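A.B. asks: With the input below, show me the fold.
(one chain, ligands or ions: 2)
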Amino acid sequence: MKKDRCTAIVLAAGKGKRMGSEIQKQYLLLNGRPMLYYSLDAFQKCERINEIILVAGAGEEEYCQREIVEKYRFSKVVSVVPGGRERYHSVANGLHAITDCDYVFIHDGARPFLTEDIIERAYAAVIEYQACVVGMPVKDTIKVVDRQSFAVDTPERNALWQVQTPQVFSYELIRKAYDLLLEQGDEAAVTDDAMVAELLLGSKVKLVEGSYRNIKVTTPEDLKIAEAFCSGN
Ligand SMILES: Nc1ccn([C@@H]2O[C@H](COP(=O)(O)OP(=O)(O)OP(=O)(O)O)[C@@H](O)[C@H]2O)c(=O)n1
Ligand SMILES: C[C@](O)(CO)[C@H](O)COP(=O)(O)O
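C.D. replies: Residues are numbered from 1 along each chain as shown. Ligands and ions are numbered 1, 2, ... in the order given. Predicted coordinates:
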C-alpha cells in the first residue's frame, strides 16, 4: 500500500507586534537558537513528515534559507516562500507551494514546543477524520463580554478548548477551503485554519490533545515562560 505523503507548512511571516521586540520574535534566541529552529527541528526529526514548506516574511526568504535552513541543515525544507499580510494569506501561499501530498500539517513557527507525540496523535486523527486541530481543555472560566466589558454569558467550561497548532487536514480539503476563501476577495475574519474549513466547507473538525507546553510565544511574558521551559523548568 502507498504510504501517505505528509507536508508541514511552518509559518514565520508574522510581524510580532505584540512582542514588540527589535528583532521579529521568530528569530529571537531561545537557548542559543532562533525560536523558529525548534518547530522545524521537530518536523525534520519526525519520520512521518516528508517535506517542509517554510513561509518567511516577504523579503526574508534568502535570510531564512541561509541562516536557518542551511545553517541547521533542515534537508526536508523544499521551499521557502513569502508570506502575506494576514496569517491566512501566508497559509494560502504555503498551500500553493505544495506539489504532491496527502496530508498537510499547518504550524505556527512561534510555537517552539512541538513534539513528535503531538504530530503522531494529529496524524492518527487526520487519517480518520480528514480535519483535526491540536488543543487543550481550558483551565480558566471563560466569559463572553459586551462592548463595555460586562459579562453576557459564561459558557460551560467542559465544552471549551484552547486551540493550538499543528492544524492538520487532507490536502485536497484544505486547499479547496482556502481557494474558496480567497475567491471571496474581501478581508476575512478567520483566526485559524479549522475556521476556514468549518465556514467554507462545513467540515467537522476533530480536536486532538496537544500539550499545555505547546504555547504560542506572543508577548514578552510568553518569552519568559519559553525560556523557563528551555532551561528545563
Ligand atoms: N501574516 C502573517 C501573520 C502571522 N504569521 C505566522 O503565524 C503564526 C501565529 O501568529 P502570531 O503568533 O499571532 O504572530 P504575529 O502575527 O507575528 O504576531 P502579532 O499579531 O503580535 O504581530 C506566527 O508563527 C507568525 O509568524 C504569518 O506567517 N503570516
Ligand atoms: C492558529 C492559532 O495559533 C490557534 O491558536 C492562532 O489563532 C493564531 O493566532 P493569531 O494571533 O491570530 O495569529
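A.B. asks: what about the closest residue to D153 other than its chain neighbours, neighbour count?
C.D. replies: With sequence-adjacent residues excluded and distances taken as C-beta to C-beta, 6 or more residues apart in numbering, D153 is closest to V144, at 4.0 Å. The C-beta positions use only the backbone N, C-alpha and C, and glycine is treated the same way. The tally of other residues near V144 (other C-beta atoms under 10 Å) stands at 9.
A.B. asks: shouldn't V144 be in contact with P155?
C.D. replies: Yes: counting by C-beta atoms under 8 Å, P155 is a contact partner of V144 at 6.8 Å.
A.B. asks: Which stretches in this structure count as helices?
C.D. replies: Assigned by DSSP state H, the chain shows helices spanning 35-45, 61-64, 87-96, 116-129, 171-183, 193-201, 220-230.
A.B. asks: is it possible to export those helices to a markdown table including mean pLDDT, distance to I23 and mean neighbour count?
C.D. replies: Output for those, formatted as a markdown table (pLDDT from 0 to 100; distance: least, C-beta to C-beta, whole Å; neighbours: other C-beta atoms under 10 Å):
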| stretch | mean pLDDT | distance to I23 | mean neighbour count |
| --- | --- | --- | --- |
| helix 35-45 | 98 | 10 | 21 |
| helix 61-64 | 98 | 11 | 17 |
| helix 87-96 | 97 | 19 | 21 |
| helix 116-129 | 98 | 27 | 18 |
| helix 171-183 | 96 | 30 | 18 |
| helix 193-201 | 96 | 27 | 21 |
| helix 220-230 | 96 | 12 | 15 |
